[in-house]
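Q: Give me coordinates for this.
(chains A and B)
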Amino acid sequence: MEIFFNLLISGIMVGSVYALVALGWVLIYKCSGVLNLAMGELTLIGAYVCLSLYGWFVKAVPQSTTAFVMALVGTLIIGAVLGLLTERVFLRKMIGEPVLSVIMVTVGLSFFFKGTVEFIWGTDTRVFTPEVFSKKPIPIWGNIYVDSVYLWSFIAALVLLVVFVSFFKYTRWGLAMQATADDEMAALSLGVSAKLVYALAWSIAFMAAGVGGTLLGNVNGINISVGYLGLLVLPAVVLGGLNSVPGAIVGGIIIGVLQNMADGYLSQFTPGGVKEVAPLAFMVILLLFKPYGLWGWERIERV
Amino acid sequence: MSWLPCGVYHEHYKQDHAWWQTKFVKAKMFFLALVVLLIFPYMDIVAPDLGPYLLSIAIMLMYTIMAASGVQLLIGYCGQVTLGHAAFVAVGAYTSCLVLMHGPELAAMGNDPNPVVRLLAGIFAGLMKAGLLYPAAIVLAALVAGLWCVLFGLPSAKVKGFYLIMTTIAAQWITVEFFITQFVSQIGGRQQAFTVMPEHFAIGPFVIDSDRKVYYLGAALVLLLTLAMANLLRSKPGRAWIAIRDNDIAAEAMGVNIVAYKLLAFFVAGAMGGVAGVFWLNFNSIISPEHFQWFWSLWWVGVILIGGVGSIHGTIFGSMFMVLVMEGLKAVVVPLGGAFPELLDRFLFIKEALFGLAIALFLIYEPNGIAYRWWQIKNYFNLWPFSY
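A: Residues are numbered from 1 along each chain as shown, chains lettered A, B, ... in the order given. Okay, here's the model as predicted:
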């Protein structure tokens, strides 16, 4: 039973990082109707940018926590700028184009980003030195321990959830984003600026992915495999329903737990690889029964 | 019927759908076939260095066309976006590989107590005697890959668009990264890669062991697949697929059984992928899971996007563009590698970034692909000197 609870708790904690990235993902979908397949690469960029900034700041500021906070803020700013640039160069011309084209533009972007990142930073694994979060596990219940990285990511996910939900519910921009997602043409004709909405969405997605990537980079170090997170997040998003912010959080946590459980209980029967595949397999089966996830909008169509 | 297509009027559907609309087109295609089948493969007589290199590019091109045809069918004609086609190519390659490697063993098990094994052994022994093991492997690979594709196409009965994209991505990871990497490639017991001796690729007495023979096999397969696809598209299933692509609800209202036709599209596309996989095996004699990474699934989608979605020409133009541009890039980067060694190390990354940029820019500035541009050029000459 102790194993079970350990798997459960660490699953929830890993899941909260997924939830964080999934949030950025849902945001883009919710406000522009774009399936952003470059999310993993955005995570990668965020992680590497934060790592480089941290490397510089740590030389200037002796205290690593301060340096890390500064680096994180820097990552958020650079992420926002990159988001604006991406929108300006690539996505502005895609307003009003068929959805498949927009999706494939994001696929193109994902390769472009990935190639560029690999070209600049290489493929070796890099770690945050000196480490930001202490490796000493924090006891939370009896014999159950959590790494402090996971605890922080859990807190970050919760905070961001509250921020995003209130953003969508209580601000004009949030409303404009929902309107654009629902019907781009109608929103445009009512005077919603699609350019602003796209730009905002991409900036926020870059920032959310940056935070997620930084936290993940603190766990195992950063290499190109952090980019696969973008794929792991997809089952989480589908599970919650593509356009539901709370769904992304719950989906992320469920996927995290599921992945950990599959790794703990099923991997002894197979040569390996269960951990990566279990969420995807679960997703395919779930789609047969709940085609719109748990809280997705059901689209009613007629001719 | 004149030299130029201008002034050709159709009086029957039969004329409208004919392959050769004018004698000019017929003659053009005849000369093209002559070049492709007789002159090109024997280039090494004239240019001993360049010939084999060009041949290997041509083979790569054929493989790309075969694999992209399936993607074109699914995305361009049936509107079912697939981002996991490498999985089905892999299934085809591994199926044919296993048949070729273990077929002879199975054929020798004629005295097995199990009647099913005995039956299979009889079939395989017959195939071996007739020298048809390799053609049988191609057919079997196409069937298995098609059925595997249908399995992941099943959710398309209920979901479409993004949710379907997710299941095809899942197909890629479940098949290649899990099933093949963890289980199938362990059967060999030696290492991750399977090797098949060239002499196994034999149709009767003809052994396909040199690049030139592989080229001919590829030409035949590409021709067959393109013909099959073109003919499917102008018959009932093709019209149903196009109706589903344009508006699936309207199609259903008009009496098209959309689930059956979607699954048929998945089957045909998977089978085409399977044939491509067999061809890849024949070209390389070696396969490993690395040959079927997710990158390739996206590569083929990129090929059809650049060539033109919903056009058979588009598949071919896109394949030519991608293969030739990447070869051209290599030709530029490799000489520069002397001056900048790190450029060679990171060539793969440059390739990746440029591929992504090419897709994005093509979609922004030339959304209809090269095939549309080709059509415009042709039209310009057809209508010359008038612009309408």
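Q: In contact with B:A358, which residues?
A: A:G108, B:G302, B:I306, B:V325 (C-beta atoms under 8 Å, 6 or more residues apart in numbering or on different chains). C-beta: built from backbone N, CA, C; applies to glycine.
Q: can you put these in a markdown table and add secondary structure, distance to A:R92 and pLDDT?
A: Output for the contacts of B:A358, formatted as a markdown table (DSSP: H, G, I helix; E, B strand; the rest coil; distance: C-beta to C-beta, whole Å; pLDDT from 0 to 100):
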| residue | secondary structure | distance to A:R92 | pLDDT |
| --- | --- | --- | --- |
| A:G108 | helix | 15 | 89 |
| B:G302 | helix | 22 | 89 |
| B:I306 | helix | 21 | 89 |
| B:V325 | helix | 26 | 86 |
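Q: Make a PyMOL selection of whichever of the residues you listed turn out to be buried.
A: Burial among these is assessed by 16 or more other C-beta atoms under 10 Å in any protein chain shown; the matching PyMOL selection reads:
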select buried, (chain A and resi 108) or (chain B and resi 302+306)
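Q: quick one: which of the contacts of B:A358 is nearest A:T171?
A: A:G108 (31.7 Å; C-beta to C-beta).
Q: give me every residue that touches B:G70.
A: B:H85, B:F88, B:V268, B:A269, B:G270, B:A271, B:M272, B:G273, B:A276.
Q: Pull out the buried residues from the helix or strand harbouring the third one.
A: Spelled out, it's B:V268. Assignment of secondary structure by DSSP states H and E places B:V268 within helix B:258-284. Using 16+ other C-beta under 10 Å as the test for burial, helix B:258-284 gives B:258, B:261-284.
Q: Can you pull out the low-pLDDT segments for the stretch 151-300 of chain B?
A: B:187-192 (pLDDT under 70).
Q: Please enumerate the strands of it.
A: Counting by DSSP state E, counting those that start in this stretch, the stretch 151-300 of chain B has these strands, from start to end: B:194-195, B:202-203, B:206-207, B:286-287.
Q: Can you tell me which of these is nearest to chain A?
A: Among the strands of the stretch 151-300 of chain B, the nearest to chain A by C-beta to the nearest C-beta is strand B:194-195 (16.6 Å).
Q: Which neighbouring elements make contact with that closest one?
A: Strand B:194-195 makes packing contacts with helix B:85-107, strand B:286-287 when contacts are defined by 3 or more C-beta pairs under 8 Å, 6 or more residues apart in numbering or on different chains; DSSP states H and E.
Q: Within its sheet, name the partner strands of the shortest one and how each one runs.
A: Right, strand B:286-287. strand B:194-195 (antiparallel) (DSSP bridges).
Q: quick one: contacts of the strand it pairs with?
A: Counting by C-beta under 8 Å, 6+ apart, B:Y94, B:C97, B:M101, B:S185, B:G188, B:S285, B:I286, B:I287, B:S288 sit against strand B:194-195.
Q: ok, now with 7 Å
A: B:C97, B:G188, B:S285, B:I286, B:I287 (C-beta atoms under 7 Å, 6 or more residues apart in numbering or on different chains).
Q: ok, and the most crowded of these?
A: B:C97 (25 neighbours; other C-beta atoms under 10 Å in any protein chain shown).
Q: where along the stretch 1-150 of chain B do the helices fall?
A: In the stretch 1-150 of chain B, the helices defined using DSSP state H, counting those that start in this stretch lie at B:13-16, B:23-34, B:43-46, B:50-71, B:85-107, B:115-130, B:133-153.
Q: Enumerate the residues of the stretch 101-250 of chain A near chain B.
A: Neighbours of chain B within the stretch 101-250 of chain A, by C-beta under 7 Å from any C-beta of the partner chain: A:101, A:104-105, A:107-112, A:114-116, A:118-119, A:231, A:234, A:238, A:242.
Q: Drop anything exposed from these.
A: In terms of neighbour count (16+ other C-beta under 10 Å), the buried residues within those are A:104-105, A:107-112, A:114-116, A:118-119, A:231, A:234, A:238, A:242.
Q: Among those residues, which are located in helices?
A: Of these, the ones assigned to helices by DSSP state H are A:104-105, A:107-112, A:114-116, A:118-119, A:231, A:234, A:238.
Q: Looking at these, which has the smallest pLDDT value?
A: Here the lowest pLDDT out of these sits on A:L231, with 76.
Q: How much space separates the nearest residue in space to it that is not next to it in sequence from chain B?
A: Nearest non-adjacent residue to A:L231, counting by C-beta to C-beta, 6 or more residues apart in numbering or on different chains: A:G40, 6.1 Å away. Here A:G40 is placed at a distance of 11 Å from chain B (C-beta to the nearest C-beta, to the nearest Å).
Q: Keeping just the C-alphas, turn whatever helix or strand A:G40 lives in into PDB.
A: Assigned by DSSP H and E, A:G40 falls within helix A:39-60. Output of helix A:39-60 as PDB, limited to C-alpha atoms (Å, rounded to 0.1, in the frame of the first residue of the first chain):
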ATOM      1  CA  MET A  39       4.200  22.900 -27.700                       C
ATOM      2  CA  GLY A  40       7.000  20.500 -26.800                       C
ATOM      3  CA  GLU A  41       9.500  22.700 -28.600                       C
ATOM      4  CA  LEU A  42       8.200  25.800 -26.800                       C
ATOM      5  CA  THR A  43       8.900  23.900 -23.600                       C
ATOM      6  CA  LEU A  44      12.400  23.100 -24.800                       C
ATOM      7  CA  ILE A  45      13.100  26.700 -25.800                       C
ATOM      8  CA  GLY A  46      11.900  27.900 -22.400                       C
ATOM      9  CA  ALA A  47      14.000  25.400 -20.500                       C
ATOM     10  CA  TYR A  48      17.200  26.300 -22.500                       C
ATOM     11  CA  VAL A  49      16.700  30.100 -22.300                       C
ATOM     12  CA  CYS A  50      16.200  29.800 -18.500                       C
ATOM     13  CA  LEU A  51      19.300  27.600 -18.200                       C
ATOM     14  CA  SER A  52      21.400  30.100 -20.100                       C
ATOM     15  CA  LEU A  53      20.100  33.100 -18.200                       C
ATOM     16  CA  TYR A  54      20.600  31.200 -14.900                       C
ATOM     17  CA  GLY A  55      24.200  30.500 -15.900                       C
ATOM     18  CA  TRP A  56      24.800  34.300 -16.400                       C
ATOM     19  CA  PHE A  57      22.900  35.500 -13.400                       C
ATOM     20  CA  VAL A  58      24.500  33.000 -11.000                       C
ATOM     21  CA  LYS A  59      27.900  34.600 -11.800                       C
ATOM     22  CA  ALA A  60      26.600  38.000 -11.000                       C
END
